[in-house]
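J.: this is a predicted model, with the sequence first.
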Number of protein chains: 2
Amino acid sequence: MSSPFGSLQESLSIPQVTTNETLRELHSKDESYHAPVKPEIVVYPYNAQDVSEIMKIAKHYRRPVYPFGVGSSLEGHVIPTEDGISIDFSEMNDIIEVKEEDFLVKVQPGVTRTQLNKELKKYGLFFTVDPGADATIGGMAATNASGTSSVRYGVMRDQVRDLEVVLADGSIIHTGSLAAKSSSGYNLNSLFVGSEGTLGCFTELTIKVSGIPEHIVAGRAIFPSVDDGVEAVVSILQAGIQIARCELVDEPSIEKVNAFSDTNYAIKPTLFLEFHGNEAGLNQDVEFTKDIVNEHGCSEIEFEQDTAARNKLWEARHTLAYAFIHDAPGKKMMTTDVCVPISKLAGAIKHARKLVDASMFEGGIAGHVGDGNYHITLMFDRGNEEEIQAAAALNEEIVKYALAVGGTCTGEHGVGIGKQKYQAEEHGESLFLMEKIKQALDPESRLNPFKLVQLKN
Amino acid sequence: MSSPFGSLQESLSIPQVTTNETLRELHSKDESYHAPVKPEIVVYPYNAQDVSEIMKIAKHYRRPVYPFGVGSSLEGHVIPTEDGISIDFSEMNDIIEVKEEDFLVKVQPGVTRTQLNKELKKYGLFFTVDPGADATIGGMAATNASGTSSVRYGVMRDQVRDLEVVLADGSIIHTGSLAAKSSSGYNLNSLFVGSEGTLGCFTELTIKVSGIPEHIVAGRAIFPSVDDGVEAVVSILQAGIQIARCELVDEPSIEKVNAFSDTNYAIKPTLFLEFHGNEAGLNQDVEFTKDIVNEHGCSEIEFEQDTAARNKLWEARHTLAYAFIHDAPGKKMMTTDVCVPISKLAGAIKHARKLVDASMFEGGIAGHVGDGNYHITLMFDRGNEEEIQAAAALNEEIVKYALAVGGTCTGEHGVGIGKQKYQAEEHGESLFLMEKIKQALDPESRLNPFKLVQLKN
């Protein structure tokens, strides 16, 4: 009665249950800097019934469960906090149905973003959320992932039409319907998206997809200051020009990229842009954009249309993280992730740059300027207590600043372990509501406990 | 101790509390066909503190509260279900702040849609959700309203960045932040939007606004069949053309409009379109759209650009409800409101037309084709039991059909009294979750009780 191992092996098939040391090790960590903790056991469900069975056994043996996609989370979401079961969804990776006419696709949670886009391409469709990592769709829904293109297409929460969810008691529910909109009942889709496995495990997701744009134009513009770059973006948005992607990279980051790639980019705040639409419309957008950026002191702007030239143009942005990682062998990456109102973004990035410059770290700053989300990427030594403290202190300063200007402690990476301590400050009284919801849905705190909301027992 | 009247009069000022018969009568009904019920008392809060006080008094005297905007709801949301307090938000109608750079506006709940748009126009901005009625922003958020333009700009839930909410115990919380996106905590914004006053009362809303489009083109296209019209829209969407508004009206509705307006529109399924963007892009969209509709058998298509000509072109759509109301003096309007996957829409509209033709009613069908939401407008005599039964039966058939094809019982009007009985069928097991949430947040069921979710006591 003291261990779920035997029961799990009886309920599932032999290869689905393992205590193999290497596999436990693999499920002890994600891509974050948070310290690994091995799960007691790793299970690989094939379907919702398996997950339901796992939940019942977990309940019986009072073990917590930790859902696991590919482990690309950045705040320790998949790391066990106590002895328990890591549920690996890699065997549930079927693309169940592409509903072309409805612009919907139904997938299992273990499907990855690139796997999905490869399939959708056959239909002239694509999945719009691009967080960089080749994460699973289940994991992206669990953290409400977003990325460079969310300024136009929205975040993960905007894409989810229906979820099949296994709850703490093993019951299987659906959170939505196939209708494009609904005013029926409480909106459970949005409650479960971003719940980080703390309210249930997703076993099927029906999500929105979009038509591949007829025409894509990418641009790169150089500004005298971060302020000018941000103001230019605000002006572009105010002019009603739809930006599909929009990233600002600051001077020291460009310098780092130059050193790493042996390139010669101007060491200036650089704005990367992308527009999706029809050719005539984009030509007009490009001309208008040129006028606007010039008004904001832009010294150089170039646009490219074909795929190879566009990729080349974005290279400095894409190389940024590698430049830092490559330069700091053996160190761990920490990425801050606040999001502020766009009117506060220029000030926030300047503040962030000052902090980094005054710290012991080099750090690159890149912002999803269209929605006010920006990241500092820095490398630190997890074996060095001074560096750990300094990195944590810097992260905290960044969060405090964001909260003070009406922002959030995490724009897209989620709470996990790392942003737990800022929940009370960010949400105030409404944290009690979140706790009530957790209490109502998972009273024994069996689902990814100590993440996002902590129940006081 | 048996009545809240004295306490309310002590806490608020005299003109804020009334038991005037005419005012109680005014707060006994909305624009729906549901039977009126007078509240015991009507109060007019000036601010969140007043609402908090009302909640505490309501709790002390065990009286339910019924939030009231302008009473434009269509499913009896504002109608009292037992003796209690109608909270009228008309005195809380300040536009608190327009945050131009952030594309945000902060308003009190009693601000109406046209009041807001009049103010926003000064900034070159507009509020995108257009449900037809001049509803309050608070009411629109409470029902997750949408309308003709949601295919492009999203529904009310997509616009809400932050809500100030007074909970059942009188505490005042915020559900979001000013950040454009967040992965922090459970998403309370989306839970409260569409909760129909059953979880709390909104006292302040921060919502997204958009730049007024540079260029608008409206179109009207005539098709041999409803199928052709719907398929044309799917093809337009698949071609990646962004439609801003898109409405399909069926033949008998056009016939009714002709009789009412003395016009001579072709009695054919008619598609009304609108595109927002830059001039060059829209010209290309229009040409492409012409090709597509022609492939789907369109016999006539025309486009207009200037405001007067666009309004004229949309006239038949706008006149539809009036044509029915005018033709049935003394009768009440019932509007069905299901939403189905777009792949099921043509079939659903044909089914609806057959039902109407076989019924005792004339009825107009108009569909927000871009998102699968369609309405039958019919007039019935609320004094005639046979007509009441027949109208209810027709509504039920429409709902059952929508649920059978993966749709929802309400696309935009909400649950209120009218769609209560379909919640179990639509949501299945997840209705228990909704009940748990209601129980956790409003354990005494004091907030708009018997709407949306019914607690079993």
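T.: Structure received. Numbers count the residues shown, from 1 in each chain, chains lettered A, B, ... in the order given.

J.: going by C-alpha atoms from here, please, whenever you check contacts or count neighbours.
T.: OK.

J.: just the element for residue A:301, please.
T.: For residue A:301, the element it lies in under DSSP states H and E is strand A:300-304.

J.: report the buried residues of that strand.
T.: Residues of strand A:300-304 classed as buried: A:301, A:303-304 (neighbour count, 16 or more other CA atoms under 10 Å in any protein chain shown).

J.: need the residues that contact that strand.
T.: Strand A:300-304 is contacted from outside by A:217-223, A:286, A:290, A:310, A:313, using CA atoms under 8 Å, 6 or more residues apart in numbering or on different chains.

J.: give the pairing partners of that strand; include direction for each.
T.: Partner strands and pairing direction for strand A:300-304 (DSSP bridges) are strand A:215-222 (antiparallel).

J.: whatever residue of chain A ends up closest to chain B: how many residues sit nearby?
T.: Closest to chain B within chain A is residue A:281: 3.3 Å, counting by CA to the nearest CA. Neighbour count for residue A:281, taken as other CA atoms under 10 Å in any protein chain shown: 22.

J.: just residue A:7 next, same as before
T.: 16.

J.: cool, residue A:358 as well?
T.: Under the criterion other CA under 10 Å, the count of neighbours that residue A:358 has is 11.

J.: dump the residue contacts of it.
T.: Residue A:358 makes contact with no residue, according to CA under 8 Å, 6+ apart.

J.: quick one: the helices in the stretch 201-350 of chain A?
T.: Along the stretch 201-350 of chain A, the segments classed as helices by DSSP state H, counting those that start in this stretch run A:226-238, A:251-261, A:279-295, A:307-326, A:345-358.

J.: wait, residue A:91 touches residue A:44, no?
T.: Yes. Between residue A:91 and residue A:44 there is a contact at 6.3 Å, judged by CA atoms under 8 Å.

J.: more crowded one of these two?
T.: Each of residue A:91 and residue A:44 has its neighbours counted (other CA under 10 Å); residue A:44 has more, 22 against 15.

J.: who touches the more buried one in this structure?
T.: Going by CA under 8 Å, 6+ apart, residue A:44 touches A:16-17, A:87-91.

J.: most surrounded residue in the residues you listed?
T.: The most crowded member of the contacts of residue A:44, judged by other CA under 10 Å, is residue A:89 (27 neighbours).

J.: which residue packs closest to that residue, ignoring adjacent ones?
T.: Nearest residue to residue A:89, sequence neighbours excluded (CA to CA, 6 or more residues apart in numbering or on different chains): residue A:110, at 5.0 Å.

J.: can I assume residue A:382 sits in a strand?
T.: No. According to DSSP: H, G, I helix; E, B strand; the rest coil, residue A:382 belongs to no strand; its state is coil.

J.: from memory it sits against residue A:333, does it?
T.: No. Using CA under 8 Å, residue A:382 is not in contact with residue A:333; the gap is 9.5 Å.

J.: list residues touching both of those two?
T.: Joint contacts of residue A:382 and residue A:333 (CA under 8 Å, 6+ apart) are residue A:33.

J.: can you spell out which helices and strands pack onto the least confident helix or strand in chain A by mean pLDDT?
T.: Least confident element among the helices and strands of chain A, by mean pLDDT, DSSP states H and E: helix A:5-11 (a mean of 84). Applying 3 or more CA pairs under 8 Å, 6 or more residues apart in numbering or on different chains; DSSP states H and E, one finds that helix A:5-11 contacts strand A:17-18, helix A:48-60.

J.: okay if I get the ones you listed as a markdown table plus mean pLDDT and distance to chain B?
T.: As requested, the helices and strands packed on helix A:5-11 are exported to a markdown table (pLDDT from 0 to 100; distance: least, CA to the nearest CA, whole Å):
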| stretch | mean pLDDT | distance to chain B |
| --- | --- | --- |
| strand A:17-18 | 94 | 29 |
| helix A:48-60 | 96 | 15 |
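
J.: got phi/psi on the residue lying closest to residue A:418 once chain neighbours are set aside?
T.: Sequence neighbours aside, residue A:75 is the residue nearest to residue A:418 in space, at 5.2 Å (criterion: CA to CA, 6+ apart). When read as degrees, to the nearest 10, the backbone of residue A:75 gives phi -130, psi 30.

J.: and the pLDDT at residue A:75?
T.: As predicted, residue A:75 sits at a pLDDT of 96.

J.: the residue nearest to residue A:85 when sequence neighbours are not counted and residue B:393: what is the separation?
T.: Nearest non-adjacent residue to residue A:85, counting by CA to CA, 6+ apart: residue A:65, 4.7 Å away. Residue A:65 sits 47 Å away from residue B:393, going by CA to CA, to the nearest Å.

J.: show me the one of the helices of the stretch 201-350 of chain A that comes nearest residue B:452.
T.: Among these, the nearest to residue B:452 by CA to CA is helix A:226-238 (38.1 Å).

J.: any part of that closest one near chain B?
T.: Yes. Using CA under 8 Å from any CA of the partner chain, we find that helix A:226-238 touches chain B at A:234, A:237-238.

J.: around chain B, which positions in the stretch 351-457 of chain A sit nearby?
T.: Proximity of the stretch 351-457 of chain A to chain B, by CA under 8 Å from any CA, involves residues A:371-373, A:406-415, A:423, A:427-431, A:433-434, A:436-437, A:440-441, A:452-453.

J.: show the buried residues in those.
T.: Using 16+ other CA under 10 Å as the threshold, A:371-373, A:406-415, A:423, A:427, A:430-431, A:433-434, A:436-437, A:440-441, A:452-453 are the buried ones among these.

J.: in strands, which of those appear?
T.: Mapping these onto strands (DSSP state E) picks out residue A:373.

J.: which of the buried ones among the residues of the stretch 351-457 of chain A next to chain B fall within helices?
T.: Those of these mapping onto helices are A:423, A:427, A:430-431, A:433-434, A:436-437, A:440-441, per DSSP state H.

J.: for residue B:192, see how far away the closest residue to residue A:216 other than its chain neighbours is.
T.: In space, and not counting its chain neighbours, residue A:216 is closest to residue A:276: 4.8 Å by CA to CA, 6+ apart. According to CA to CA, residue A:276 and residue B:192 sit 33 Å apart.

J.: more crowded one of the two?
T.: Neighbour totals were compared for residue A:276 and residue B:192, and residue B:192 leads with 26 against 20 (other CA under 10 Å).

J.: can you check the pLDDT for the more buried one?
T.: On the pLDDT scale, residue B:192 gets 98.

J.: close enough to count as contact, it and residue B:144?
T.: No. Taking contacts as CA under 8 Å, residue B:192 lies outside contact range of residue B:144: 9.3 Å.

J.: neighbours of residue A:359, just the number please.
T.: Each residue near residue A:359 was counted by other CA under 10 Å, and the total is 15.

J.: looking at the strand holding residue A:301 now, give me its mean pLDDT.
T.: Strand A:300-304 shows a mean pLDDT of 94.

J.: that one versus helix A:307-326: what angle between them?
T.: Orientation check (axes from the mean of the first three to the mean of the last three CA atoms, to 10 degrees): strand A:300-304 against helix A:307-326 gives 120 degrees.

J.: returning to what we had before: number of residues surrounding the residue nearest to residue A:89?
T.: 25.

J.: and the strands in the stretch 101-250 of chain A?
T.: Ranges of strands in the stretch 101-250 of chain A, per DSSP state E, counting those that start in this stretch, are A:104-107, A:125-126, A:160-166, A:172-174, A:201-208, A:210-211, A:215-222, A:245-249.

J.: what's next to the fourth one, contact-wise?
T.: The one in question is strand A:172-174. Residues outside strand A:172-174 that contact it (CA under 8 Å, 6+ apart): A:48, A:52, A:162-167, B:427-430.

J.: can you pull the pLDDT of the nearest residue to residue A:377 once chain neighbours are set aside?
T.: The spatial neighbour of residue A:377 that comes closest, neighbours along the chain excluded (CA to CA, 6+ apart), is residue A:335 at 4.6 Å. Residue A:335 is assigned 94 on the pLDDT scale.

J.: ok, now the one 5 residues further on?
T.: pLDDT, residue A:340: 97.
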